[in-house]
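1. Need a 3D model of the following:
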Amino acid sequence: MEPSEAYEVLRCIPAPSLSYNQPGMCYTLVRLPLDDPAAVACTFSCTMKFTVRDCDPNTGMPDADGYDDEYVLEDLELALSDHVQRILKPNFAAAWEEVGEDYEKEETFALSTIKSLEEAVNNIVRFLGMQPCERSDKVPENKNSHTLYLAGMFRGGLDVLVRARLALGDGVTMQVTVRSIVETPVDIILASVG
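-> Residues are numbered from 1 along each chain as shown. The predicted structure is shown next:
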């Protein structure tokens, strides 16, 4: 696995063997950029390197000799949603007040290619990787406006809450308000949305 700049591969744990037509697992430990906590998106190019060995058809045992080969896999995309864990807040209003407004920021965005509130809600939930609260992911029929409430835990155990007010017109206008107990996740979410 080869990350883009600023990401560092610390360790790779290869699959011990990979039999024909059987899945296997390997792991790569990657350090996030230390000098840029806002770096949340990255593309990793992946190449599977392996030794091909013939097997005895009677015993299924691999030959001792083999030859090295490699196969280019699909790129692996790291996105904002990979840094957030969904958490359910049964009472979003209480959680919103508990986090407080010390680290609250708000911005407005035009989602010009989105044609419905349902599509906007689905895209926002998927992009942010946060848990919809109070059934706000369900948009009532024939509505021109809607408010989406989302809760999550950003890497490091930091609660983050999002209120997205959506209005349907020529596309969808979205006013996003983000709160957390520290400023970093607030800035990262707004920068990623923008």
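
2. Parallel or antiparallel, list what pairs with the helix or strand of the chain with the lowest mean pLDDT.
-> Sorted by mean pLDDT, DSSP states H and E, the helices and strands of the chain end with strand 42-44, the least confident at a mean of 88. Strand pairing for strand 42-44, using DSSP bridges, gives strand 76-78 (antiparallel).

3. tell me the mean pLDDT for the partner strand?
-> Strand 76-78 comes out with an average pLDDT of 91.

4. For the protein, which segments count as helices?
-> 92-99, 117-128, 183-193 (DSSP state H).

5. Let me see the mean pLDDT of the longest one.
-> Which is helix 117-128. Mean pLDDT, helix 117-128: 96.

6. Stretch 85-96 too?
-> For stretch 85-96, the per-residue pLDDT averages 96.

7. which strand of the protein spans the most residues?
-> strand 158-169 (DSSP state E).

8. Point out the other helices and strands that it packs with.
-> On a contact count with 3 or more CB pairs under 8 Å, 6 or more residues apart in numbering; DSSP states H and E, strand 158-169 meets helix 92-99, helix 117-128, strand 145-154, strand 171-180, helix 183-193. From N, CA and C alone the C-beta is placed, and that goes for glycine too.

9. rerun at 10 Å
-> helix 92-99, strand 103-111, helix 117-128, strand 145-154, strand 171-180, helix 183-193 (3 or more CB pairs under 10 Å, 6 or more residues apart in numbering; DSSP states H and E).

10. Using TSV, lay out those together with mean neighbour count.
-> Formatted as TSV, those follow (neighbours: other CB atoms under 10 Å):
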stretch	mean neighbour count
helix 92-99	15
strand 103-111	14
helix 117-128	18
strand 145-154	20
strand 171-180	20
helix 183-193	19
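
11. Redo the ones you listed as JSON lines? Include distance to Lys138.
-> Below are the helices and strands packed on strand 158-169 laid out as JSON lines (distance: least, CB to CB, whole Å):
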{"stretch": "helix 92-99", "distance to Lys138": "14"}
{"stretch": "strand 103-111", "distance to Lys138": "19"}
{"stretch": "helix 117-128", "distance to Lys138": "8"}
{"stretch": "strand 145-154", "distance to Lys138": "9"}
{"stretch": "strand 171-180", "distance to Lys138": "16"}
{"stretch": "helix 183-193", "distance to Lys138": "22"}
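
12. In terms of pLDDT, where does the residue nearest to Ala15 when sequence neighbours are not counted sit?
-> Computed as CB to CB, 6 or more residues apart in numbering, the closest residue to Ala15 that is not its neighbour in sequence is Gly24, at 3.9 Å. As predicted, Gly24 sits at a pLDDT of 91.
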